[in-house]
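Chemist: only geometry, no sequence info:
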């Protein structure tokens, strides 16, 4: 059921339809590190877009710094294009609480003012804590409170449902 | 002075940043890597991240230093902290208030971090031992003892140009004896496993226990510069020239001033650092200061990223991780 390559293809197809319906011909993809960046690379190829997708590391934008501190693995965000007036596709592997997406939107706006942003995720699960929804998702899951979705990669991708200890 | 173990938590994480002594390679690498990540913030339209939003940083300067205070202030602001500058040199200690009373008063304003500059060695550690437990203290220079963020911005500048420290020869030139920058740099270079660290200067301006610091001592600049990859010039304080330690600025420059001819003795791609402010024509010839080997302005830029890194790491390590991660 959870074949991440198959889900990526499904996501690409649904995204293509969404962008066409909105008349967006030159979208710019931005993946959230790390899982979202892996998916963004696949979408970039599947949609036959030129150049490289952007990568966001939202570590400095998290809302739980006072509780968990700084992620020692933080790396630079890389946005190799001008965001101003672009139609952005924000890509993540799993949409859960919505907090990561809030942080990512805040960071995107520190680079410029996009014309629009759509959210594309591989897995949309339950557990939202903020008013954030995906525009396209490859699949939807309802999980137990102690369960989470884990994406390993980038080659090969492996998607599993795990239980918190 | 013993290494300030108070700066590490029980599980070995930075709680304050007082000195390089007692830190391990992993601590320094974490600061350098985080600084590299944060250096990109200054190239964006909004030169700010929200990491320290709602935190208050107090620059507590008992000794004037416009440049250091400015870069700490910018670092805190680019992390979205609020900044209060308290210049004690012109403030209440002149009115008879004790240092601890001053600290207690500012503590009562519910602040999160002190950045301390003081002419007395050990002042930052003293304050760290006496502040409320939730307050982090960063040393912005204490007497002759330490200036650890300056050392880290020098390390960042060196690493950007030269990569691995193990292959490097580094010469520190000038008044090493009175220099907190030199002491912190020597410790940092050694922790990072630098191939060879040299100190170069007249006998009167080099520490007597130099060999114990893990450095090679040179009194002749030409010998000391031969084949080095990095030259760290130190500022010569004017009061040294009026004292008995040195004959005159002109004579000092003749023997220890860095000129293009002398720099030619170093490796062909050697870089030149200086912590500023520069005495042109005393430590260095203007042609070197303005020449292609000088990376002095890069040091200033890197100093902001390094101070952002230290602030976010130290306050991040004070987070309370008892709750969930989701």
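Modeler: Now that the structure is in, tell me what you want to look at. Computed from a predicted model, the values in this text were never measured in an experiment. Numbering: from 1, shown residues only, chains lettered A, B, ... in the order given.
Chemist: quick one: stretch A:54-61 near chain B?
Modeler: Yes - Stretch A:54-61 is in contact with chain B by C-beta under 8 Å from any C-beta of the partner chain, via A:57, A:60-61. (Each C-beta comes from the backbone N, C-alpha and C, glycine too.)
Chemist: and which of those residues is nearest chain B?
Modeler: Among those, residue A:60 lies closest to chain B (C-beta to the nearest C-beta), at 3.9 Å.
Chemist: give me the low-pLDDT residue ranges for chain A?
Modeler: Residues of chain A meeting the criterion pLDDT under 70: A:1.
Chemist: who wins for neighbours among the residues of stretch A:54-61 next to chain B?
Modeler: residue A:60 (26 neighbours; other C-beta atoms under 10 Å in any protein chain shown).
Chemist: Now do the same contact list for that one.
Modeler: By C-beta atoms under 8 Å, 6 or more residues apart in numbering or on different chains, the contact list for residue A:60 reads A:70, A:74, A:107, B:38, B:41, B:49-51, B:79, B:312.
Chemist: And for residue B:255?
Modeler: Residue B:255 is in contact with B:202, B:221, counting by C-beta under 8 Å, 6+ apart.
Chemist: Also residue B:176?
Modeler: Counting by C-beta under 8 Å, 6+ apart, residue B:176 makes contact with B:182-183, B:199, B:201, B:205-207, B:210, B:234.
Chemist: go with 10 Å
Modeler: Taking C-beta atoms under 10 Å, 6 or more residues apart in numbering or on different chains as the criterion, residue B:176 is in contact with B:182-183, B:185-186, B:199-201, B:205-207, B:210, B:213, B:215, B:217, B:232, B:234.
Chemist: And for residue B:188?
Modeler: Counting by C-beta under 10 Å, 6+ apart, residue B:188 makes contact with B:20-21, B:23, B:28, B:31-32, B:148, B:150-152, B:154-155, B:158, B:165, B:194, B:197.
Chemist: Among those residues, which are located in helices?
Modeler: B:28, B:31-32, B:148, B:150-152, B:154-155, B:158 (DSSP state H).
Chemist: Now do the strands in the chain.
Modeler: Because you didn't say which chain, this covers chain A. With DSSP state E as the criterion, chain A has strands at A:27-32, A:54-56, A:87-95, A:116-125, A:136-141, A:147-152, A:158-163.
Chemist: please go with chain B instead
Modeler: B:56-61, B:82-87, B:113-118, B:136-142, B:169-173, B:196-200, B:216-218, B:230-233, B:271-273.
Chemist: any idea how far residue A:116 is from chain B?
Modeler: Applying C-beta to the nearest C-beta, to the nearest Å, the value for residue A:116 to chain B is 18 Å.
Chemist: quick one: which of the strands of chain B is nearest residue A:100?
Modeler: Nearest to residue A:100 among the strands of chain B is strand B:82-87; the distance by C-beta to C-beta comes to 26.4 Å.
Chemist: That closest one to strand B:56-61, inter-axis angle?
Modeler: Interaxial angle of strand B:82-87 relative to strand B:56-61 (axes from the mean of the first three to the mean of the last three C-alpha atoms, to 10 degrees): 20 degrees.
Chemist: if we can go back for a sec, the ones in helices among the contacts of residue B:188 into CSV, with extra columns for neighbour count?
Modeler: Formatted as CSV, the ones in helices among the contacts of residue B:188 follow (neighbours: other C-beta atoms under 10 Å in any protein chain shown):
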residue, neighbour count
B:28, 21
B:31, 27
B:32, 22
B:148, 32
B:150, 26
B:151, 27
B:152, 27
B:154, 28
B:155, 26
B:158, 27
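Chemist: farthest pair in these?
Modeler: Across the ones in helices among the contacts of residue B:188 (C-beta to C-beta), the longest gap, 15.3 Å, separates B:148 and B:158.
Chemist: Which strand residues bridge residue B:117?
Modeler: The partner list for residue B:117 in beta bridges (DSSP bridges) reads residue B:61.
Chemist: I'd like to know how many residues surround it.
Modeler: 25.
Chemist: can you count the residues close to residue B:105?
Modeler: Neighbours of residue B:105 using other C-beta under 10 Å come to 12.
Chemist: Model confidence for it, exactly?
Modeler: Residue B:105 carries a pLDDT value of 92.
Chemist: For the residue positioned nearest the centre of chain A, give the beta-bridge partners.
Modeler: Nearest residue to the geometric centre of chain A (C-alpha atoms, centre = their mean): residue A:92, 1.6 Å. Assessed by DSSP bridges, residue A:92 has beta-bridge partners residue A:121.
Chemist: Pop the domain breakdown of chain B in here.
Modeler: B:3-147+B:301-316, B:148-295 (automatic domain parsing).
Chemist: my guess is residue B:151 contacts residue B:20, does it?
Modeler: Yes - contact criterion C-beta atoms under 10 Å: residue B:151 and residue B:20 qualify, at 5.6 Å.
Chemist: Now the common contact residues for these two.
Modeler: Common contacts of residue B:151 and residue B:20 (C-beta under 10 Å, 6+ apart): B:28, B:183-189, B:191.
Chemist: how much does the lengthiest helix in chain A deviate in direction from strand A:158-163?
Modeler: Ranked by residue count, the top helix of chain A under DSSP H comes out as helix A:4-21. On the basis of the same axes, to 10 degrees, helix A:4-21 is oriented at 100 degrees to strand A:158-163.
Chemist: now the angle between strand A:147-152 and helix A:4-21, please.
Modeler: Orientation check (the same axes, to 10 degrees): helix A:4-21 against strand A:147-152 gives 90 degrees.
Chemist: Against which helices or strands is helix A:4-21 packed?
Modeler: For helix A:4-21, the packing partners by 3 or more C-beta pairs under 10 Å, 6 or more residues apart in numbering or on different chains; DSSP states H and E come out as strand A:27-32, helix A:35-46, strand A:87-95, strand A:116-125, strand A:136-141, strand A:147-152, strand A:158-163.
Chemist: Among the residues of stretch A:54-61 next to chain B, name the ones in helices.
Modeler: Using DSSP H, none of these sit in helices.
Chemist: which one among the residues you listed gets closest to residue B:88?
Modeler: Lowest distance from residue B:88 to the residues of stretch A:54-61 next to chain B (C-beta to C-beta) belongs to residue A:60, with 31.5 Å.
Chemist: For the stretch 1-150 of chain B, what lies in contact range of chain A?
Modeler: By C-beta under 10 Å from any C-beta of the partner chain, the part of the stretch 1-150 of chain B that sits against chain A consists of B:13, B:26, B:29-30, B:33-34, B:36-41, B:44-55, B:79-80.
Chemist: Quick check: the nearest residue to residue B:71 once chain neighbours are set aside vs chain A, distance?
Modeler: The shortest distance from residue B:71 to any non-neighbouring residue, by C-beta to C-beta, 6 or more residues apart in numbering or on different chains, is to residue B:303 (4.6 Å). Distance of residue B:303 to chain A, given as C-beta to the nearest C-beta: 18 Å.
Chemist: what about residue B:303, neighbour count?
Modeler: 27.
Chemist: And for residue A:115?
Modeler: Neighbour count for residue A:115, taken as other C-beta under 10 Å: 11.
Chemist: List phi and psi for it.
Modeler: phi -80, psi -40 (degrees, to the nearest 10).
Chemist: give the contact list for it.
Modeler: By C-beta under 10 Å, 6+ apart, the contact set of residue A:115 is A:24, A:83-88.
Chemist: can you rerun that using 7 Å?
Modeler: A:85-87 (C-beta atoms under 7 Å, 6 or more residues apart in numbering or on different chains).
Chemist: and the gap between it and chain B?
Modeler: Applying C-beta to the nearest C-beta, the value for residue A:115 to chain B is 16 Å.
Chemist: Repeat that for residue A:28.
Modeler: Applying C-beta to the nearest C-beta to residue A:28 and chain B gives a distance of 16 Å.
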